[in-house]
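Visitor: Sequence first, predicted model second:
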Amino acid sequence: MKTIISEISDSPDRPVITVDWRDWRSPLRYPGGKQKDLPIFTPYFRSAKEYREPFLGGGSVLLHAIGSQVAQEFWANDANPLLMDFWRQVQTDAIALARLVRSLRDDYDGEQHKCDQWVAFRDRYQQKLADLPGDRLHNAARFFILNRSTASGLTESGGMTAAAYCGRFTESSIQRLENLQDRLAGVRLTLGDYRELIHAPGEDVFIFLDPPYFSAEQSRLYGRSGDLHKGFNHQQLADELRDCPHDWLMTIDDCDAIQDLYSNQWADLRPWTKPYSMTNTQGRRSKAGRELLIAKRGLLANA
Ligand SMILES: C[S@@+](CC[C@H](N)C(=O)[O-])C[C@H]1O[C@@H](n2cnc3c(N)ncnc32)[C@H](O)[C@@H]1O
């Protein structure tokens, strides 16, 4: 984001708060993460008693929502168990996690391409990670390290590269993890299917959705071997949202199939263009793309 420090107050009764957004950036590199896109859609967020995010992923949007105090209660969810273990550990004790991650970082000062020295280092290091105990703290540390040191943050489906290990798994990335201490206090974190958050009753609820992209399905970005991307049922999501009792806003890639699902007078659509490309598991970059904001009828007009 261009503005690093901003002042927020959405009501005459609430004091203006100054937020340094550098402290609120996600420590994860997440394929399809929305850190750079926050200025596009967060102006459409409305204050609510409860904020819900069914597709949490790298957490960039949740952290922004907490930092800007859009609600008093927060509920975030994802269907990826390793990812949710990571976020639960951050919530419980981000400092212990950062300390463990720091202690597990080994120096590599060889050439930053696939040379013999790197392959030997990588194989030894991956074995070291594999030998860690299987409790939540160690699982979270392993998840974070792989997220930082695989190509494009693919974590479970990508290989470690020397360039990512040296350039992304840095002290400043660990610092960013540490900065999250206490930031998720009181947030309800669940592992499960998005539908629960769409239908659970609640008073004055605002939901932000960032599901797997429709046309990038072949890129298999989420879960082990892409199982949380491949076969995602967008027809079902549209059916669930049609019956959703709460206000909701979604960002998704713009294609004919998505337009057909939502342009039947029951949702508002607003196109926008993403000025940069995404990477798939083969390391190929897709074209910078047309995107859509879709919201419960009336929400975009009122913003
Ligand atoms: C586009 S990513 C979210 C990115 C996130 N907004 C960010 O900025 O990092 C989509 C997420 O949906 C999750 N997901 C896929 N299928 C799901 C399901 N049925 N229920 C809940 N989460 C699901 C994936 O694990 C992935 O983390």
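Guide: Sure thing, it's come through.
Visitor: helices or strands up against the helix or strand hosting Asp93?
Guide: Secondary-structure element containing Asp93, defined by DSSP states H and E: helix 81-104. Under the contact criterion of 3 or more Cβ pairs under 8 Å, 6 or more residues apart in numbering; DSSP states H and E, helix 81-104 touches strand 73-78, helix 136-149, helix 171-178, strand 188-191. In this view, the C-beta of every residue, glycine as well, is placed from N, C-alpha and C.
Visitor: and the next element down the chain from it?
Guide: helix 116-130.
Visitor: Tell me the buried residues in that following helix?
Guide: Applying a neighbour-count criterion of 16 or more other Cβ atoms under 10 Å, the buried positions in helix 116-130 are 118, 121-122, 125-126, 129.
Visitor: Can you spell out which helices and strands pack onto that helix?
Guide: Using 3+ Cβ pairs under 8 Å, 6+ apart as the test, helix 116-130 ends up in contact with helix 136-149, helix 162-167.
Visitor: Among the buried residues of helix 116-130, which one sits closest to the ligand?
Guide: Taking Cβ to the nearest ligand atom as the measure, the ligand lies nearest Leu129 of these, at 21.1 Å.
Visitor: pLDDT averaged over stretch 147-159 - what is it?
Guide: Taken as a whole, stretch 147-159 carries a mean pLDDT of 76.
Visitor: Write out the residues of this structure neighbouring the ligand.
Guide: Counting by Cβ under 6 Å from any ligand atom, the positions of the chain adjacent to the ligand are 30, 32-34, 54-55, 57-58, 60-61, 77-80, 193-194, 210-212, 222-223, 228, 232.
Visitor: Which of these fall within helices?
Guide: For these, the ones inside helices are 60-61, with DSSP state H as the criterion.
Visitor: Helix or strand: which one has Arg270?
Guide: Using DSSP H and E, Arg270 sits within strand 267-273.
Visitor: Against Asp106, how distant is the spatially closest residue to Gln35 that is not a sequence neighbour?
Guide: Leaving aside its sequence neighbours, Gln35 sits nearest to Ser60 (Cβ to Cβ, 6 or more residues apart in numbering; 4.1 Å). Counting by Cβ to Cβ, to the nearest Å, the separation of Ser60 from Asp106 is 28 Å.
Visitor: more neighbours, these two?
Guide: Higher neighbour count among Ser60 and Asp106: Ser60, with 21 against 9, using other Cβ atoms under 10 Å.
Visitor: quick one: contacts for the more buried one?
Guide: Neighbour list for Ser60: 25-26, 30, 33-35, 38 [criterion: Cβ atoms under 8 Å, 6 or more residues apart in numbering].
Visitor: Ala162: what's it in contact with?
Guide: Ala162 makes contact with 108, 110-115, 118, 121-122 under the criterion Cβ under 8 Å, 6+ apart.
Visitor: Filter those down to the buried ones.
Guide: Using 16+ other Cβ under 10 Å as the burial test, the contacts of Ala162 include 108, 118, 121-122 as buried.
Visitor: okay, those residues in CSV with distance to Lys49 and pLDDT next?
Guide: Formatted as CSV, these follow (distance: Cβ to Cβ, whole Å; pLDDT from 0 to 100):
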residue, distance to Lys49, pLDDT
Tyr108, 48, 91
Trp118, 51, 93
Phe121, 51, 94
Arg122, 48, 94
